[in-house]
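In: what would the 3D arrangement of this be:
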Amino acid sequence: MLRLNLTPDGRLTRSPQLAQDWSSLVALWHAGLDPDAWLATLGAMTLDRRDGTIRTQPPSHGRTFPEYDSARLVDDARTAAQLGLGAAVLHGTRTIFTADDWWLQMQSWLVPAIAFGHLDHIVTPTPPARASRPDRDKVARLLMLLLRTRVTELTVKDARQVIGLLLELDRSPDPVALALAICEHPRLLVEIPALGDARLYRDSPATAMLLYVAQKRVNLGEFAEWEALYRGVSTEGRFSTERDGMSLQEAEVLVRQLISPANPAIN
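Out: Residues are numbered from 1 along each chain as shown. All right, here's what the predicted structure looks like:
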């Protein structure tokens, strides 16, 4: 600790031998220190996983979480992830992970949001360049599931954040998820012009019915965007109220059969 504090920049590069012995050294500290001293140690240094250096700075989450911090200090990423996600789901602690752990950060709020409707901590940072394609795809799927199951509980601002990131991650997102968001917040067609591209919806005839039902919520300032999208989708799709002679009430009944009845976005 003294050696670390004496470095000019508060950073210690571990030698190959120290890196090899690091976990054992930390375990020795833990065994020899009393609880308060151990907490003070965990609050005074962190391991930078990007370059393996030890830094004189407290953990970025700003909480007392010794189990997580000790796992991070010895670079036990698996245990740290399990503890952090467990705290997020079970205890609502959703600020453990930072953008450096983008996939874990996204899981830490998306899983509680989808499962329990906990929407008090929505963050949609752009994934770092090192984020893998599988992680990007998994986050996109979670965002689409959030829209399908919780869109009626999202504010228009939150929905805009979610859809903005979704369109960045996936060029062919779930058309029903997007249409449900428009049903709940037609204003999104004005705030996210890309949502008005009919090509996003052509693989799903159900979206034309959803957009048809959404007309009840469309205000004058959104009507032109809604009408252009609805015409484009119904022309390219296999549903047309003019051709099929379907009333708005009939479309609502059919949409309820196509979409989960637990989702009230079409009411």
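
In: check the offset of stretch 210-226 from the chain's centre.
Out: Chain-centre distance of stretch 210-226: 28 Å, with CA atoms, centre = their mean, to the nearest Å.

In: please apply the same query to stretch 136-152.
Out: Centre-to-centre, stretch 136-152 and its host chain are 8 Å apart (CA atoms, centre = their mean).

In: just the buried residues of it, please?
Out: Within stretch 136-152, the residues that count as buried by 16 or more other CB atoms under 10 Å are 136, 138-144, 146-151. For glycine as for every other residue, the C-beta is placed from the backbone atoms N, C-alpha and C.

In: so which of those residues is the closest to A81?
Out: Nearest to A81, judged by CB to CB, of the buried residues of stretch 136-152 is K138 at 13.8 Å.

In: tally of neighbours for the residue nearest to the closest one when sequence neighbours are not counted?
Out: Sequence neighbours aside, W103 is the residue nearest to K138 in space, at 7.2 Å (criterion: CB to CB, 6 or more residues apart in numbering). Counted with other CB atoms under 10 Å, the neighbours of W103 add up to 18.

In: still on that earlier bit, please flag which of the buried residues of stretch 136-152 sit within strands.
Out: For the buried residues of stretch 136-152, not one is inside strands, with DSSP state E as the criterion.

In: reformat the residues you listed as CSV; add distance to A129 and pLDDT.
Out: Below are the buried residues of stretch 136-152 laid out as CSV (distance: CB to CB, whole Å; pLDDT from 0 to 100):
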residue, distance to A129, pLDDT
R136, 11, 97
K138, 17, 97
V139, 15, 98
A140, 17, 98
R141, 21, 98
L142, 21, 98
L143, 20, 98
M144, 23, 97
L146, 24, 97
L147, 26, 96
R148, 29, 93
T149, 30, 92
R150, 30, 94
V151, 30, 92
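
In: let's have those residues in CSV, adding distance to G117.
Out: Output for those, formatted as CSV (distance: CB to CB, whole Å):
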residue, distance to G117
R136, 25
K138, 21
V139, 19
A140, 21
R141, 19
L142, 15
L143, 16
M144, 17
L146, 10
L147, 13
R148, 13
T149, 9
R150, 6
V151, 11
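
In: closest one of those residues to L195?
Out: L147 (11.8 Å).

In: and the residue most central in space within the chain, how far from L33?
Out: Compute the mean C-alpha point of the chain, and by CA atoms, centre = their mean the closest residue is M106, 3.8 Å away. As judged by CB to CB, to the nearest Å, M106 and L33 stand 35 Å apart.

In: can you pull out the strands in the chain?
Out: Listed from the start of the chain, the chain has strands (DSSP E) covering 11-12, 46-48, 53-55.

In: state the pLDDT value of the residue nearest to the centre of the chain.
Out: Here, the pLDDT recorded for M106 equals 97.

In: isn't V111 right up against G84?
Out: No - counting by CB atoms under 8 Å, V111 sits too far from G84 to count as a contact (11.7 Å).

In: so where's this protein shaky on pLDDT?
Out: For the chain, applying pLDDT under 70 flags the ranges 1-10, 235-248, 250-267.

In: make it 50
Out: 2, 6, 237, 261-262, 264-267 (pLDDT under 50).

In: and V111 and G84? which has more neighbours close in?
Out: Neighbour tally, V111 and G84, criterion other CB under 10 Å: the higher count belongs to G84, 26 against 17.

In: report the contact partners of that one.
Out: Under the criterion of CB atoms under 8 Å, 6 or more residues apart in numbering, the neighbours of G84 are 68, 96-97, 104, 108.

In: these, buried ones only, as a PyMOL selection?
Out: Selection of the buried residues among the contacts of G84 in PyMOL, burial being defined by 16+ other CB under 10 Å:
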select buried, resi 68+96+97+104+108
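
In: from the contacts of G84, which is closest to G196?
Out: The closest of the contacts of G84 to G196 turns out to be S108 (CB to CB; 32.4 Å).

In: what is the burial count for the spatially closest residue to the closest one that is not a sequence neighbour?
Out: Once flanking residues are discounted, S108 sits nearest to A88: 3.9 Å by CB to CB, 6+ apart. Look at A88: counted by other CB under 10 Å, it has 24 neighbours.

In: what's the spacing between A88 and T79?
Out: For A88, the distance to T79 equals 15 Å [CB to CB].
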